[in-house]
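Please find the sequence and the predicted model below.
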Amino acid sequence: MKRHPALLELSREHHQALKMARQARLAAASGEPERQASLAAELRVWSADALERHFAEEESTLFPRLARTEHAALAARALDEHRRLRALIAELATPDATTLARFAELMEAHVRFEERELFECLQSGLTAAQPASG
């Protein structure tokens, strides 16, 4: 299904999140503490800027809309995953391979869930001219 215009930018941001997850996975597997520390620092900067902005958009517009439907469990799951991703980012203040790998796994699963389930559900309720908020 073609993505609704109100969800296009969020989908584009998901692509960047998948890139960051891949980089985290590669750094974790590298066995190189300096590479892991560098990537952890990059993830923390990216999170403070782009990821938090993305989460805020979803949490203020999409999830409340979904929470008012029979699909409220999808919004609850997404919020829980946001909380867990934030906690992993905080743990990266002391970088290690395990945390990077856990971040990569959860971020990839979260993006796939939002794209394949949550956005599809939301999209079915949006008209062509309707914004995602409201």
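Yep, that arrived.

rest of the way, CA atoms for contacts and neighbours
Will do.

Would you mind measuring from A67 to S60?
A67 is 11 Å from S60, where distance means C-alpha to C-alpha, to the nearest Å.

Next: A75.
Distance from A75 to S60, by C-alpha to C-alpha: 11 Å.

Between those two, which has more neighbouring residues?
A75 (22 against 12; other C-alpha atoms under 10 Å).

How about the more buried one, nearest residue that isn't a chain neighbour?
Spatially, and ignoring its direct neighbours in sequence, A75 is nearest to F63 (5.0 Å; C-alpha to C-alpha, 6 or more residues apart in numbering).

residues touching that neighbour, list them.
Going by C-alpha atoms under 8 Å, 6 or more residues apart in numbering, F63 touches 75-76, 79.

check which helix or strand covers it.
Secondary structure assignment for F63, by DSSP states H and E: helix 63-67.

what's the spacing between the nearest residue to A97 once chain neighbours are set aside and C121?
Take A97 and drop its neighbours on the chain: the residue closest to it by C-alpha to C-alpha, 6+ apart is A28, 4.2 Å away. A28 sits 34 Å away from C121, going by C-alpha to C-alpha.
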